[in-house]
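A.B. asks: Just the structure for this:
(one chain, ligands or ions: 1)
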Amino acid sequence: MKVLFLHVDYIKFKAMKKALKNPPELTEKEKKEQKISDALVAMISVEKSDSDVKKSVSELIKNIKDIAGQIKAKNIVLYPYAHLSSSLSSPEIAIKVLEESEEKLKKDFKVLRAPFGYYKEFELKVKGHPLSELSREIRFEENVDAIKGSEEKYNPSQLLREISKTKLDTSKLKENDHRIIGQQMDLFSFSEVAPGMIFWHNNGLILYNELINFWREVHRKSGYQEISTPQILDKKLWQISGHWEKYKENIFLTKYENRDFAVKPMNCPGAMLVYKSRSRSYKELPLRLSEIGVVHRQELSGTLGGLFRVIRMTQDDAHIFCSEEQIENEVEGVISLINMFYEKFGLQFDHVELSTRPEKRIGDEKLWDKAEKALESVLKKKKMKYKINKGDGAFYGPKIDFHLKDSQERTWQCSTVQLDFAMPGRFELEYAGSDNRKKTPVIIHRVIYGSLERFIGILIEDKNGRFPTWLSPIQVRVLSFTERNVDYAKKIIGEIGKKIPNLRLDADFRNDTVQGKVKEAEMMRIPYIIVVGDKEKKEKTLAVRIKGNPKIEKFTTDEFCIRLEKEIEGKK
Ligand SMILES: [Zn+2]
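C.D. replies: Residues are numbered from 1 along each chain as shown. Prediction:
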């Protein structure tokens, strides 16, 4: 069972059309709009594995009571919501679970149950406190035990048919939605067998790798070291770091030799262990350890969307270990890097937020004063516009977040800089000061792209798929006018390839019309399309369509290569 809990100021809903053939008849009350204020709403998907109704009801009630207790809710809304799962139970089971839960909860709460089997319109206002949005997954292990005892029996071709092909519904998407362009340019795909995890195709992976190459080059020059830490780590480490208490619902767990391991949802603890691998001196600070880290975070599959919200993401992370005196300088360095990256890609922040000390916090007040002042003075020095989010910092330190907009006008956090006074203590990190006394460093967590997946999504939509040439998966395509021109076209490809060995160049010699081939190359947003016909052969020139411009330009092969090489090398 999957449940999304929302603590709301109010919710109102009304049954519209039948969603099932024979849903339960509506009472007079249910035919009208129903409204309740100040309630805990449980959006529920009852799944195939919930066939034991009694057990399912008891687990659901346990979860509802737990959350209702924490937020002191007296009103409960049971809201059947099929969109959280692709493995729903039969309607009969689902309705039983909902009805019985309602009966039981009535003893302690005022309960409202939304109609089952109807499309409903609904409106709600979610409160803004930290527990107001929570999800729970209720799972029963029984079936697994039954399988263990007997020999596993399955039919591969049957299973294959169960893997439904995910087809993109484009009807509600903008033309420049990254999912549409991703398909046109053959960048990536998704499959139901790995929700929220991207299958990068060759073209998309080129883009991904070019972004990483550029990032590495810049970070090397900016005094960062690069590390790579394990993908799964003993659960203990997450208890030390503090992620366990705050985050355990989102962590993928696994077992190995009877030990509990977690698939990393963050890169921080790995970096802490690298820092701790030997004794450190003030001379090494600031120590900037960067990591292109792949992290996994559980999210309900219903809330995933293309590249923007994923389960598996690549973070361009870094942890800077520094002294208190170095904070301002380091933050300034990070913000310069962020500005440099976003200028390079011609992207503009929708807004920048500085989040300051929350009510519940750790660390000395003086340190908070210093840290907030450091962040703010850097923003001012850089003449950046920002809003202050008072009290919205992490309990371990203040932060600056950078937000960008997508094609649907939604904003997404990309870069972030966070100061941390907690983790150094929890991991007992230290360094020898110039007086040889032990001191505790401060940590700056920061990402620039944020998640590479999300950044690529933003970039695709902002550029409508027309990336600068250095990023383009295919940089040049050579088309033959007719069969007669193929040999000469091959000769040209050889010449260009010799002059620019790393060029991503391909050819289309199919027996199709030139218009058709140009159209396809344009769909792929290939920046340089060379058409070779009789005339070009005779004149020894190249006719080039540049970046979607219908005007054809003429070059000799030499001229073309010089221009192209300069453009790619300059990453323009
Ligand atoms: Zn971190």
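
A.B. asks: Bridging across strands, which residues link to the spatially closest residue to Val8 that is not a sequence neighbour?
C.D. replies: Setting aside the residues directly before and after it, Val8 is nearest to Leu124 in space (CB to CB, 6 or more residues apart in numbering), at 4.7 Å. Yep, even glycine has a C-beta here, placed from its N, CA and C like the rest. Per DSSP bridges, the residues bridged to Leu124 are Ile11.

A.B. asks: can you count the residues close to Leu124?
C.D. replies: 18 (other CB atoms under 10 Å).

A.B. asks: Would you mind measuring from Arg113 to Leu300?
C.D. replies: Distance from Arg113 to Leu300, counting by CB to CB, to the nearest Å: 21 Å.

A.B. asks: right, and His39 touches Phe109 too?
C.D. replies: Check again: residue 39 is Ala, not His. No: if you go by CB atoms under 8 Å, Ala39 and Phe109 don't touch, sitting 9.2 Å apart.

A.B. asks: what's the residue of the stretch 201-350 of the chain found nearest the ion sitting at in phi/psi?
C.D. replies: Closest residue of the stretch 201-350 of the chain to the ion, CB to the ion: Cys268 (3.2 Å). Backbone geometry at Cys268, expressed as degrees, to the nearest 10, gives phi -50, psi -50.

A.B. asks: and it, how many neighbours does it have?
C.D. replies: 24.

A.B. asks: got the contact list for it?
C.D. replies: Counting by CB atoms under 8 Å, 6 or more residues apart in numbering, Cys268 makes contact with 241, 243, 319, 423, 443, 445.

A.B. asks: ditto for Tyr342
C.D. replies: Contact analysis of Tyr342 by CB under 8 Å, 6+ apart lists 348-349, 402, 415.

A.B. asks: With only the CA atoms kept, save the helix or strand in which it is found in PDB.
C.D. replies: Taking DSSP states H and E as the definition, Tyr342 sits inside helix 327-344. C-alpha atoms of helix 327-344 as PDB (Å, rounded to 0.1, in the frame of the first residue of the first chain):
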ATOM      1  CA  ILE A 327      34.300  30.500   5.400                       C
ATOM      2  CA  GLU A 328      33.700  33.800   3.600                       C
ATOM      3  CA  ASN A 329      36.500  33.300   1.100                       C
ATOM      4  CA  GLU A 330      35.400  29.800   0.300                       C
ATOM      5  CA  VAL A 331      31.700  30.800  -0.100                       C
ATOM      6  CA  GLU A 332      32.800  33.500  -2.400                       C
ATOM      7  CA  GLY A 333      34.800  31.000  -4.500                       C
ATOM      8  CA  VAL A 334      31.800  28.700  -4.700                       C
ATOM      9  CA  ILE A 335      29.500  31.500  -5.800                       C
ATOM     10  CA  SER A 336      31.900  32.700  -8.400                       C
ATOM     11  CA  LEU A 337      32.000  29.200  -9.800                       C
ATOM     12  CA  ILE A 338      28.200  29.000  -9.800                       C
ATOM     13  CA  ASN A 339      27.900  32.300 -11.600                       C
ATOM     14  CA  MET A 340      30.600  31.300 -14.100                       C
ATOM     15  CA  PHE A 341      28.800  28.000 -14.900                       C
ATOM     16  CA  TYR A 342      25.400  29.500 -15.400                       C
ATOM     17  CA  GLU A 343      26.800  32.400 -17.500                       C
ATOM     18  CA  LYS A 344      28.600  29.800 -19.600                       C
END
